[in-house]
Every structure is written in structure tokens, then in C-alpha cells.
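[1] Here is a sequence together with a model predicted from it:
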Amino acid sequence: MTETSTLERALEALTGANRLVVVTGAGMSHDSGVPTFRDAMTGLWAQYDPHELASEDAYRRNPARVFGWYLWRWCLVRSVEPHPGYHALTRLEAGTDDFLVATQNVDGLHSRGGNQRIVELHGSLTAFRCFDNGHPYDSAKLESLTALSGEEVEPPRCQECGSPIRPGVVWFGESLPQMAVKQAWSAVAACDALMVIGTSALVYPAAELPSLAMRKGVPVVEINPDLTPISHEVTVSWSERAAVALPALVDRLIQ
Ligand code: OAD
């Protein structure tokens, strides 16, 4: 099947949809220069051990290693720009009655790209808080800090309770933010089409969202250069990069 005919099939699936949910993962930001987690050579989890970086136990064992790693990633995402696929999603939001991006990404690029209706299922790199009591910590105070990949940085302390500061992302073993979950699941329950972009669809509960839409019987369009566990079940599986597919699709959908 040629890419042009896949575009036509995606258009057919999405034309007329007015309650749209867009589920995104790390692949959405890949074209902006942010590494994914599971790509074989370049993925973060190919180079770093998630058990040493993405859990409360890991932070307790070595707060400087964990804080330094997230600081490095925060510096990295602030140094890149949202690609044209992000701007296409913003045009799509403007042209759709009910629209929601439900992202697993913590990089803030959807917001910087112009989308307004976003839920961050795995939290945000910018939302720092203290480890013991969850007191918010103003990220502006950290903006001058930098870290190289693998560099350990001693976390600053909470002014209220003295506990060390951690990133506001969801770690393995932690629950997703309840409000984000509620919004995403209700939006999918009400949607008349769903797009799933740049996720390996392996991490639950976010991976349930496309399946939920498929069980409802609404069209699901996947954009991902590689096959995923849901590629054979979705209405249209488009083997293309987000920065290429989204502008082409939205230019035709929103005229
Ligand atoms: P993964 O790294 O598991 O998957 C990224 C997906 O993006 C893969 O299926 C790639 O084929 C695809 N991809 C790569 N380049 C792309 C491009 N240019 N355009 C579109 N797709 C592309 O990332 P996630 O599915 O987001 O959780 O991972 C889910 C969660 O696992 C993350 O939120 C993170 C991780 O552990 C936590 O840290 C809690």
C-alpha cells in the first residue's frame, strides 16, 4: 500500500470526527530531537537502567543521580522546538469541537506547540515538588542549573520542610494523576475518533486508551514508523513519522 493511499484511508477514517482524542508517546517528540524510551539503539532505556532512575527506591538510593538525569532531560527538551506535527495538532484542535491530547510525554512540547486541551498522564518535567510531602517547587529557581548526561546533581531542598526536590513525573510503581486519568478516560468514552501517535503501546494504563476506542467501534488511526502490538487492530496503521504525517493529514482535514 502506498503512503498516499494510507493518507486517503486516514482521511476517510477521520473526516467528520468532532470529538477527537489524540494519544501520544515519546515518538511524537522524536522529530524534535528528543530520544524515545524503547528504540533499540537510541532509546533512553537502551542506554540507562530504568530501575536506577525512574522509581522512588532509585531516588532514595541515589537522589543526585536521579535528579541529575531528569535535570539533563529537562535541559534537553528546553533546547529543542516543537516540529510541524505539533503545529498541525494545534490547527486540528482549533477546527474540532471536542479535542483532547492525552500524552504520556513529560516534555511540555504539546503546550509549546500551541495545543491547549492537554492531559499529561505521566506528569511533567517542569513540575518539581519535594519528595517527602509533595510541596510544589518553583521551576524558575532551577532554570540556571544544567546537567550533562549521567552527571549527578544534588537536589535542592524544599523551603517548607527541607525534603529534597524531585521531578513531577510518574515513576514506575506510582499512580497516574487522578484528574488526568479521569479526563482522558471520559474523553475516550465520548470520542468519535482517536489518533495514536508515537507510542509503543506497551505501558499501561495509557495503552488501554486506543483499545477502549476500538472496543467502542470508533475509527482509530495510528501514526508510527514501526509496528506496535495494536497496528493490526487499528482502522488505519500509517507507517510514517509524526512530523511528516500530521501536517499532510491536517492540511487535508482542516481547510
Ligand atoms: P516508547 O519509546 O516505548 O515508544 C516510542 C514509539 O515511537 C515507538 O513505537 C517508535 O516506533 C515510535 N516512533 C519513533 N520515532 C517516531 C516518529 N518520528 N514519529 C512517530 N513515532 C515514532 O515510548 P512510549 O510509548 O511513550 O514512562 O513509552 C511509554 C512510557 O514508557 C513513557 O511515558 C515512559 C516509558 O517508561 C515513564 O517514564 C513513566
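    Cool, the structure landed. Remember, it's a predicted structure, so these values are computed and weren't measured experimentally. Numbering: from 1, shown residues only.
[2] mind listing the helices for the stretch 1-150 of the chain?
    Ranges of helices in the stretch 1-150 of the chain, per DSSP state H, counting those that start in this stretch, are 3-14, 27-30, 44-47, 50-53, 56-61, 63-78, 84-94, 109-113.
[3] Identify whichever of these lies nearest to the ligand.
    Closest to the ligand of the helices of the stretch 1-150 of the chain, according to C-beta to the nearest ligand atom: helix 27-30, at 2.1 Å. Any C-beta I mention is one placed from the backbone N, CA and C, and that applies to glycine too.
[4] Now do that closest one: which elements does it pack against?
    Using 3 or more C-beta pairs under 8 Å, 6 or more residues apart in numbering; DSSP states H and E, the elements in contact with helix 27-30 are helix 109-113, helix 242-253.
[5] Output the ones you listed as JSON lines; include the columns distance to residue 84.
    Listed next are these as JSON lines, based on distance: least, C-beta to C-beta, whole Å:
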{"stretch": "helix 109-113", "distance to residue 84": "9"}
{"stretch": "helix 242-253", "distance to residue 84": "5"}
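[6] With residue 214 as the reference, name the closest of the ones you listed.
    Among the helices and strands packed on helix 27-30, helix 242-253 comes nearest to residue 214, with 19.4 Å by C-beta to C-beta.
[7] quick one: contacts for the closest residue to residue 28 other than its chain neighbours?
    Nearest residue to residue 28, sequence neighbours excluded (C-beta to C-beta, 6 or more residues apart in numbering): residue 198, at 3.9 Å. Each residue near residue 198 by C-beta atoms under 8 Å, 6 or more residues apart in numbering is listed here: 24, 25, 26, 27, 28, 29, 30, 36, 223, 224, 242.
[8] how near is the nearest residue to the fourth one once chain neighbours are set aside to residue 107?
    Spatial nearest neighbour of residue 27, excluding adjacent residues (C-beta to C-beta, 6+ apart): residue 198 at 2.4 Å. Taking C-beta to C-beta, to the nearest Å as the measure, residue 198 and residue 107 are separated by 12 Å.
[9] Against the ligand, how distant is the residue nearest to residue 27?
    3 Å (C-beta to the nearest ligand atom, to the nearest Å).
[10] And the pLDDT at that residue?
    Per-residue pLDDT puts residue 198 at 98.
[11] coming back round to it: what about the ligand: which of the contacts of residue 198 touch it?
    Filtering the contacts of residue 198 for proximity to the ligand (criterion: C-beta under 6 Å from any ligand atom) leaves 25, 26, 27, 30, 36, 223, 224, 242.
[12] I'd like the distance between the first one and residue 134.
    The spacing between residue 25 and residue 134, counted by C-beta to C-beta, is 26 Å.
[13] Compare those two and say which is more crowded by neighbours.
    With neighbours defined as other C-beta atoms under 10 Å, residue 25 and residue 134 compare such that residue 25 has more, 27 against 13.
[14] how about the residues of the stretch 101-250 of the chain near the ligand?
    So the stretch 101-250 of the chain meets the ligand at 104, 122, 170, 197-200, 202-203, 223-226, 228, 241-242 (C-beta under 6 Å from any ligand atom).
[15] what sits against residue 115?
    86, 89, 90, 93, 101.
[16] Could I have the buried ones of these as PyMOL selection syntax?
    Buried residues among the contacts of residue 115 (16 or more other C-beta atoms under 10 Å), as a PyMOL selection:
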select buried, resi 86+89+90+93+101
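[17] can you name the two of the contacts of residue 115 that are farthest apart?
    Largest separation among the contacts of residue 115 by C-beta to C-beta: 86 and 93, giving 10.9 Å.
[18] Many thanks, have a good one.
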